[in-house]
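Asker: How does the following fold in three dimensions:
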Amino acid sequence: MVLEIIELEDGELAIRDADSESTEPMIKVNFSEELKDKLSDQYFDVARVMLTAGIQMVADSGLDLSSDEKSEEFEPEPTIH
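Answerer: Below is the predicted model of the structure:
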């Protein structure tokens, strides 16, 4: 499965399956207008880092997103930042 980060029409950034005909995003990142104003153009970079970290975490877990079969539930260890 090839995942890509896209910008939606409403300005949200999302991850979608690049190989799929579906346009439905798998994950979306949305910032409040207040935070967008504070971050200025950097909010795109922050969202990209967040999405990339999510993709990496799933890849490291060994979870197969391309399979339609249900596998054991993926429960990551809680992380406090």
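Asker: residue boundaries of the strands in the chain?
Answerer: 3-7, 13-17, 27-29 (DSSP state E).
Asker: For residue 63, find the nearest of those strands.
Answerer: strand 3-7 (12.5 Å; C-beta to C-beta). In this view, the C-beta of every residue, glycine as well, is placed from N, C-alpha and C.
Asker: That closest one - contacts with which helices or strands?
Answerer: Applying 3 or more C-beta pairs under 8 Å, 6 or more residues apart in numbering; DSSP states H and E, we find strand 3-7 packed against strand 13-17, helix 42-61.
Asker: Return the most buried member of the strands of the chain.
Answerer: Across the strands of the chain, averaging neighbours per residue (mean count of other C-beta atoms under 10 Å) puts strand 13-17 on top, at a mean of 19.
Asker: That strand pairs with which strands, parallel or anti?
Answerer: strand 3-7 (antiparallel), strand 27-29 (antiparallel) (DSSP bridges).
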